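> Test case, fold it:
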Amino acid sequence: MELAFKAIDYKIRYEKGNFQSGYCVLSEQKVVVINKFFPLESKVSALAEILIQVNPELTGLDAAQIKLLRSILPQEESRKA
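Numbers count the residues shown, from 1 in each chain. Alright, predicted model coming up:
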């Protein structure tokens, strides 16, 4: 998942924060900040959600990354991918 963000030139940081959704996206700086206290499953889910939000065409991702993303997202969101 982290490689997918690297492919679209985004940086991921894991830090302490009071984000309502557990993460924050700084689009202009291409930085994603994830709450470091989130459980692993929640971090992965948040990264998948963010990836769809910031890159709806999924350009720059290889077939394996797209397959992983589709397997994580709920069915209705993965149809958009």
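
> which one is residue 62 nearest to, not counting chain neighbours?
Counting by C-beta to C-beta, 6 or more residues apart in numbering, residue 62 lies nearest to residue 7, which is 7.5 Å off, once chain neighbours are set aside. Backbone N, C-alpha and C define where each C-beta goes, glycine included.

> Tally up the residues packed near that neighbour, please.
16 (other C-beta atoms under 10 Å).

> Tell me the buried residues in the lengthiest helix in the chain?
With secondary structure taken from DSSP state H, the chain has its longest helix at helix 40-54. For helix 40-54, a neighbour-count test (16 or more other C-beta atoms under 10 Å) marks 43, 44, 45, 46, 47, 48, 49, 50, 51, 52 as buried.

> what's the distance between the next helix or strand after that helix and the middle of its chain?
Next helix or strand after helix 40-54 toward the C-terminus (DSSP states H and E): helix 63-72. Distance of helix 63-72 from the chain centroid (C-alpha atoms, centre = their mean, to the nearest Å) equals 12 Å.

> circling back: show the contacting residues for the residue nearest to residue 62.
Listed by C-beta atoms under 8 Å, 6 or more residues apart in numbering, the contact partners of residue 7 are 60, 61, 62, 65.

> Residue 59 versus residue 13, what's the distance?
23 Å (C-beta to C-beta, to the nearest Å).

> So which of those two has more stuff around it?
residue 13 (12 against 8).

> Which secondary structure state is assigned to the more buried one?
strand (DSSP: H, G, I helix; E, B strand; the rest coil).
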